[in-house]
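Peer 1: Sequence below, structure please.
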Amino acid sequence: MSVIQDVYGRAKPAFGRITKPDWSLPQWSWGRSGLVLTAGFVAGLVLLVPFYLIVRTVGMGVDIDIVNVLLKARTLTVLGNTLLLAASVTLAATAVAVPLAWLTTCTDLPAKRLWAILAALPLVLPSYVAAFVFVSILTPKGLLQQTLYPLIGIERLPSLFGFPGAFLVLTLISYPYILLTVRAALQRMDPALNEAARSLGLSPWQAFWRLTLPYLRPAVVAGGLLVALYVLRDFGAVTMWQYSTFTRVIYNRYLGYKLDTAASLALVLVVVTAVILFYESRSRGRGRYNRLAVGAGRKRRSTQLGKWRWPALVFVGSIVLTSLIIPTAGLLYWFWRGWQQDFGVRVLGVPTSNVQSLTALLQPAWNSVSASFLAALFAMLLALPVAILVVRRPGKLSSLFERITYTSFALPGLVVALALVFFGTNVAGSLYQTLPLLLLAYAILFLPQAVSAQRTSFLQVSACLEEAGRSLGRTPLHIFRRITLPLIWPGVLAGGALVFLTCMKELPATLILSPIGFSTLSTQVWTNISEAFFARAAAPTLLLLLLSSLPLALLTLREEQH
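Peer 2: I've put the predicted structure just below:
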């Protein structure tokens, strides 16, 4: 008998068994048809993008043999590079995020609330900004070499261009996806589980490896899926570090006006995503991860690290130093250089002073915050029926809807934007270059973040609680509002925060779909970087980092209080 089974057996009747689900539990009381229709509508919005890709691919005609394009040796090599990078970054991010989440949630780590906030902040860095900062630092003749040369005489550092540089940057900015989902799961974990494990004679470390880690499997898989899909669609880091992936090739085809070929290559990413989702669903197993009885909510007692306290602090500090402090210091360096060189020579083409330059960023900052906030709300609402259907009404149809929602996250923002341009110009002309169409693009791109977080929270809420409310004569809406929503709220907020943060730094969709005159911080950053005005790009980037950090910090503090 496994440790988890033994722990749950000792804890009866409060707990069910993780490894063997009880399919006799009453199902969600809402009408299945209503959920199916709503989730089907959400899936239909996402399918606009594959529909566009199919239309463009079919338009290739006889002049281009799509099979030959896809089976070229160069295409297969790039596909191999993409899969290698996605798998490597996902494994590395998991190895970093899981112990980091546990240390900042369940232990007596010094200042763990502060470390929890700092460890999640790398998520706000756009990949192209983080890649540029690390390129300027780690190139053979970069800032690090210039610093070390007077000290120890190093004349040239090893080159990290290619896979090593892209792997490093993407790991450092994507591990918070897993960190946030795992921390949300740990916040929901009943402390009686660990107490029962300790009563069986397990040490804190044994309880973590044999009980906590298996319990966190849904959260780890959900976060790892987001990391893998994020890597599949990234363009900034792989471009700055000159590593050829599918996304980079697709962008080059679009820049060369080879739209049909680019669409056929983008379809490959859809197929790769479908394969990843298939194996992800197979890896979930059929276990339960919730309590069967209400019990009494109690505050978790922190695990005493003892002699491992300071090594743990070194581990957490080194992660924060590498992923957050060094990039921020690099941005501050470029900001200082820009200030010294009269940073405010031009903002949006208008000669101005340094103070006026910073003031001119207020409108782009408001545009970024307002659009990202509305998109996060929109995505949270769209994700809710999908998450309910997947967890409370599991089946082939609900699984299909869930997988469809994940496909768009693997596509470059440019592909999604062009698909909506096609939709807007041919179907809904009044929406073209309006804010609602931009919000729709954001929601389609980042819907998987909200779905995965909500699904993980639903898994940890027993259907028996909802059925108990039904037995008291309450309506399904009342039960959801008074029982289910408060229990899943940390996961809903975590998903909304992820959507907000990624919308803040989204670039291609913003450039193409923004209303005329609608400038955001991300477009300001890209405009300066593309024109090689790196010092001028530092100010909007730092402001973007600040504005994105505040809601993330509030969310982390709120989770600590629950």
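Peer 1: wouldn't residue 444 be in contact with residue 48 here?
Peer 2: Yes - Residue 444 lies in contact with residue 48 (CB atoms under 8 Å); the separation is 7.5 Å. Quick note: C-beta positions are derived from backbone N, CA and C, even for glycine.
Peer 1: who touches both of the two?
Peer 2: Listed contacts common to residue 444 and residue 48 are residue 420; contacts here mean CB atoms under 8 Å, 6 or more residues apart in numbering.
Peer 1: Looking at those two, which has the bigger crowd around it?
Peer 2: residue 444 (30 against 18; other CB atoms under 10 Å).
Peer 1: Quickly find the element holding the more buried one.
Peer 2: Per DSSP states H and E, residue 444 falls inside helix 435-459.
Peer 1: Just the pLDDT for the most centrally placed residue in the chain.
Peer 2: In the chain, the C-alpha nearest the mean C-alpha coordinate belongs to residue 177, at 4.5 Å (CA atoms, centre = their mean). Per-residue pLDDT puts residue 177 at 86.
Peer 1: Just the element for it, please.
Peer 2: Using DSSP H and E, residue 177 falls in helix 163-188.
Peer 1: what about the nearest residue to residue 56 once chain neighbours are set aside, how many neighbours?
Peer 2: Nearest residue to residue 56 in three dimensions, chain neighbours excluded: residue 263, at 3.5 Å (CB to CB, 6 or more residues apart in numbering). For residue 263, the count of nearby residues is 25 (other CB under 10 Å).
Peer 1: and the helix or strand that contains residue 263, how far out from the chain's middle?
Peer 2: Applying DSSP H and E as the criterion places residue 263 in helix 259-283. Once both centres are worked out by CA atoms, centre = their mean, to the nearest Å, helix 259-283 turns out to sit 18 Å from its chain's centre.
Peer 1: which other helices and strands contact it?
Peer 2: Using 3 or more CB pairs under 8 Å, 6 or more residues apart in numbering; DSSP states H and E, the elements in contact with helix 259-283 are helix 48-58, helix 66-70, helix 73-106, helix 217-233, helix 246-255, helix 396-407, helix 413-426.
Peer 1: Distance from the next helix or strand after it to the middle of the chain?
Peer 2: The C-terminal neighbour of helix 259-283 among helices and strands, as given by DSSP H and E, is helix 309-320. Put simply, helix 309-320 sits 24 Å off its chain's centre (CA atoms, centre = their mean).
Peer 1: which helices and strands does helix 309-320 pack with?
Peer 2: By 3+ CB pairs under 8 Å, 6+ apart, helix 309-320 packs against helix 73-106, helix 112-120.
Peer 1: Would you mind finding the most buried of those?
Peer 2: helix 112-120 (a mean of 22; mean count of other CB atoms under 10 Å).
Peer 1: Which strands or helices does it pack on?
Peer 2: helix 73-106, helix 163-188, helix 309-320, helix 534-560.
Peer 1: Please dump those into TSV; it should also carry distance to residue 142 for every row.
Peer 2: Below are those laid out as TSV (distance: least, CB to CB, whole Å):
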stretch	distance to residue 142
helix 73-106	22
helix 163-188	11
helix 309-320	20
helix 534-560	13
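Peer 1: hmm, back to that, does the residue nearest to the centre of the chain really touch residue 227, like I thought?
Peer 2: Yes - here residue 177 reaches residue 227: they are 5.1 Å apart, a contact under CB under 8 Å.
Peer 1: so what sits against both of those two?
Peer 2: residue 93.
Peer 1: With just CA atoms, put stretch 235-248 into CSV.
Peer 2: Extracted C-alpha coordinates of stretch 235-248, given in CSV (Å, rounded to 0.1, in the frame of the first residue of the first chain):
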residue,chain,number,x,y,z
PHE,A,235,9.8,34.7,-30.5
GLY,A,236,11.8,37.3,-28.6
ALA,A,237,14.2,35.0,-26.7
VAL,A,238,15.0,32.7,-29.6
THR,A,239,15.5,35.6,-31.9
MET,A,240,17.9,37.5,-29.6
TRP,A,241,19.9,34.3,-29.0
GLN,A,242,19.8,33.2,-32.6
TYR,A,243,18.2,29.8,-32.0
SER,A,244,16.0,28.6,-34.8
THR,A,245,12.6,27.4,-33.7
PHE,A,246,9.3,27.1,-35.5
THR,A,247,8.0,30.4,-34.2
ARG,A,248,11.1,32.2,-35.6
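Peer 1: State the mean pLDDT of that stretch.
Peer 2: 84.
Peer 1: excluding its backbone neighbours, what's nearest residue 278?
Peer 2: residue 403 (7.6 Å).
Peer 1: returning to what we had before: report the distance from the helix holding residue 177 to the chain centre.
Peer 2: 8 Å.
Peer 1: And the pLDDT for the closest residue to residue 116 other than its chain neighbours?
Peer 2: Distance criterion CB to CB, 6+ apart; nearest residue to residue 116, sequence neighbours excluded, is residue 104 at 4.0 Å. For residue 104, the model assigns a pLDDT of 87.
Peer 1: now residue 429
Peer 2: For residue 429, pLDDT reads 69.
Peer 1: What residues of the helix holding residue 444 count as buried?
Peer 2: Judged by neighbour count (16 or more other CB atoms under 10 Å), helix 435-459 contains these buried residues: 435, 437-459.
Peer 1: Then stretch 509-521?
Peer 2: 509, 510, 511, 512, 513, 514, 518, 519, 520, 521.
Peer 1: Now do the same contact list for the residue nearest to residue 56.
Peer 2: 52, 53, 56, 57, 415.
Peer 1: a markdown table for the helices and strands packed on helix 309-320, including distance to residue 549?
Peer 2: Listed next are those as a markdown table, based on distance: least, CB to CB, whole Å:
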| stretch | distance to residue 549 |
| --- | --- |
| helix 73-106 | 16 |
| helix 112-120 | 8 |
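Peer 1: Compare the ones you listed and give me the one nearest residue 426.
Peer 2: Each of the helices and strands packed on helix 309-320 has some distance to residue 426 by CB to CB; the shortest is helix 73-106, at 29.6 Å.
Peer 1: how big is the angle separating the closest one from helix 259-283?
Peer 2: 40 degrees (axes from the mean of the first three to the mean of the last three CA atoms, to 10 degrees).
Peer 1: just checking, what packs against helix 73-106?
Peer 2: Right, helix 73-106 is packed against helix 112-120, helix 163-188, helix 217-233, helix 246-255, helix 259-283, helix 309-320 by 3+ CB pairs under 8 Å, 6+ apart.
Peer 1: picking up where we left off before, could you dump the contacts of residue 263 into a markdown table and include distance to residue 525?
Peer 2: Output for the contacts of residue 263, formatted as a markdown table (distance: CB to CB, whole Å):
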| residue | distance to residue 525 |
| --- | --- |
| 52 | 28 |
| 53 | 28 |
| 56 | 30 |
| 57 | 33 |
| 415 | 21 |
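Peer 1: By neighbours, which of the residues you listed wins?
Peer 2: Most surrounded of the contacts of residue 263: other CB under 10 Å gives residue 415, at 31 neighbours.
Peer 1: Please tell me how far it sits from residue 156.
Peer 2: 39 Å (CB to CB, to the nearest Å).
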